[in-house]
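A.B. asks: sequence-free structure coming up:
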DNA sequence: GTATCATTGACATGAACATGCTAGCGTTGT
DNA sequence: ACAACGCTAGCATGTTCATGTCAATGATAC
């Protein structure tokens, strides 16, 4: 890899990046589509992966495989970041009380009171 | 809906909950599977939706339709809160380094204020 | 006691996700 | 100049998501 990059070495083509990161070139392109790791391009349109991106791809691989999560899920998290409105809405929904059943008290009246309280919270979380 | 619930009214069966929330009964069961809204059960195993849960289902519907997001994505966000290791890892990945090449990654984000309310949501008790 | 409703499990389907592979056409290194 | 490589577009396949529907069995209401 060179392409008029005399002192800009450490820049890999997609095949090379694929090699060292464990992803396939196809997947690298796909990952780019999801917005997770977007390399810059050469004049001619070739993807150029810098060390930071390569690192990122490696850790991404790790993250995905060890925790069994999909790229789409991470893409969504990315969306949360870039779309402030979305993030806020999701956040609000989640902070406004979980609907887990095990927290259900045996006493029905008590439960009722609690739910009433919960509803109040859900109303204006701000 | 009654089932020996003399003073525990405001508790809906799945069909009733479906009616008022706009989801189908099928979807309510599905949503339960994803862990997003889990109703408690009657002695006989019937799902019982309280006002809080109904509210939650309504807002969920809103969230999903207005922002065009999937239940799976939200389920993942839920996972982020319940699995601290995961949340940390994902957080780290996103905060550590640029995804975009031209954008100067002088960014703080990803930190949605979960830390504050974490223990509220973190009740393992399985 | 019986009609009505719920439960779980299974099968079905269209859309989206995750990947691979091919084809035709530009880019790059020597 | 030309071989080697990358790019995009598209097709293909297996998987998960999101839903619906149907069947057999059990719970509730009156």
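C.D. replies: Looks like it came in fine. Quantities reported herein were computed from a predicted structural model and do not represent experimental measurements.
A.B. asks: assign a three-state SS to residue A:26, would you?
C.D. replies: helix (DSSP: H, G, I helix; E, B strand; the rest coil).
A.B. asks: for it, grab the count of nearby residues.
C.D. replies: By other C-beta atoms under 10 Å in any protein chain shown, 10 other residues sit near residue A:26. All C-beta spots, glycine's among them, are computed from the backbone N, C-alpha and C.
A.B. asks: can you tell me the residue of chain A closest to DNA strand C?
C.D. replies: Distance from DNA strand C to each residue of chain A (C-beta to the nearest atom of the strand) is smallest for residue A:44, at 2.1 Å.
A.B. asks: and that residue, helix, strand or coil?
C.D. replies: Under three-state DSSP, residue A:44 comes out as coil.
A.B. asks: which of the three states applies to residue A:48?
C.D. replies: Here residue A:48 is recorded as strand under three-state DSSP.
A.B. asks: before we move on, back to that, and the residue of chain A closest to DNA strand C, what pLDDT?
C.D. replies: On pLDDT, residue A:44 comes in at 96.
A.B. asks: run a quick neighbour tally on it.
C.D. replies: There are 6 residues near residue A:44, going by other C-beta under 10 Å.
A.B. asks: is any part of the helix or strand encompassing residue A:87 close to DNA strand C?
C.D. replies: Using DSSP states H and E, the element containing residue A:87 is helix A:84-95. No. Judged by C-beta under 7 Å from any atom of the strand, helix A:84-95 makes no contact with DNA strand C; its nearest approach is 14.6 Å.
A.B. asks: list the contacts for the closest residue to residue A:85 other than its chain neighbours?
C.D. replies: Using C-beta to C-beta, 6 or more residues apart in numbering or on different chains and skipping residues adjacent in sequence, the residue nearest residue A:85 is residue B:67, 7.8 Å away. Going by C-beta atoms under 8 Å, 6 or more residues apart in numbering or on different chains, residue B:67 touches A:85, A:86, A:89, A:90.
A.B. asks: same thing with residue A:36?
C.D. replies: Residue A:36 neighbours (C-beta under 8 Å, 6+ apart): A:60, A:71, A:74, A:75, A:78, B:99.
A.B. asks: before we move on, the earlier item: from the contacts of residue B:67, which would you call buried?
C.D. replies: A:86, A:89, A:90 (16 or more other C-beta atoms under 10 Å in any protein chain shown).
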